[in-house]
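[1] Make a model of this:
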Amino acid sequence: MSGLVETGRSIVRRALERVGRGWSKMQERRPLSCDLLESDDAYLVVFDAPGVRGEDLSVTFLDHTVEVELDRFRDFYDGYEMLFPGRGVSLSGSAELPRDANVTPQGANATLTRNGTLQVEIPKTDDGRDVAVVEEEDETDSDAERDPADAA
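    Alright, predicted model coming up:
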């Protein structure tokens, strides 16, 4: 009879593992949930990112869209074995800012909080144009020191 019980447990374990892996894959295909907030100076996108460490995430900003990719690991617990691996480990999400938003990635800030949220702040520009970097010319620069090809 105990052999029959062990066989039944083994079948149940395999079924739970398959269902868990399927659930995990389904979760990985679903985009991360997020909130989009706006202040006078910036936009703030808040993603749920439980179980993630800073070195395991990537945040990019492209064409008014904040994109997040993260990998999280399952902790192992002494004396326990995995029956239902239902949490996805490779997750991603994105948030699109309004098309008329005047933003720049310069000065953007991403913060991973202790409670498992990722906060991405994107500052607004004052004039609606990209922030340009201007280099000051050295006042001691004379015509004699310039490249003759520039004078033409």
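[2] And the helices in this structure?
    2-29, 148-151 (DSSP state H).
[3] Report the rounded mean pLDDT for the longest one.
    Averaging the model's pLDDT scores along helix 2-29 yields 66.
[4] start the count at 625, not 1, going forward
    Yep, numbering from 625; the last one is helix 626-653 now.
[5] So what would you say the end-to-end distance of stretch 682-699 is?
    Stretch 682-699 has an end-to-end distance of 21 Å (criterion: C-alpha to C-alpha, to the nearest Å).
[6] How much space separates residue 723 from residue 688?
    Applying C-beta to C-beta, to the nearest Å, the value for residue 723 to residue 688 is 6 Å. From N, CA and C alone the C-beta is placed, and that goes for glycine too.
[7] And these two? Which one has more around it.
    residue 688 (15 against 7; other C-beta atoms under 10 Å).
[8] quick one: the more buried one and residue 699, what's the gap?
    For residue 688, the distance to residue 699 - C-beta to C-beta - is 37 Å.
[9] Strands of this protein, residue ranges please.
    Using DSSP state E, the strands of the chain run over residues 658-662, 666-672, 681-686, 689-695, 714-720, 733-736, 741-747.
[10] Which residues belonging to the first one are considered buried?
    What that stands for is strand 658-662. residue 658 (16 or more other C-beta atoms under 10 Å).
[11] Over to stretch 686-698?
    690, 692, 694-696.
[12] Grab the CA positions of that stretch and hand them over as CSV.
    Only the C-alpha atoms of stretch 686-698 are listed here, as CSV (Å, rounded to 0.1, in the frame of the first residue of the first chain):
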residue,chain,number,x,y,z
LEU,A,686,13.2,55.5,-25.6
ASP,A,687,10.7,57.6,-27.6
HIS,A,688,8.5,58.5,-24.6
THR,A,689,8.4,55.0,-23.3
VAL,A,690,10.0,53.6,-20.1
GLU,A,691,10.9,50.0,-20.5
VAL,A,692,11.9,47.7,-17.6
GLU,A,693,13.3,44.2,-17.6
LEU,A,694,14.1,42.3,-14.5
ASP,A,695,15.2,38.9,-13.3
ARG,A,696,14.5,37.7,-9.9
PHE,A,697,15.7,34.5,-8.2
ARG,A,698,13.8,32.0,-6.2
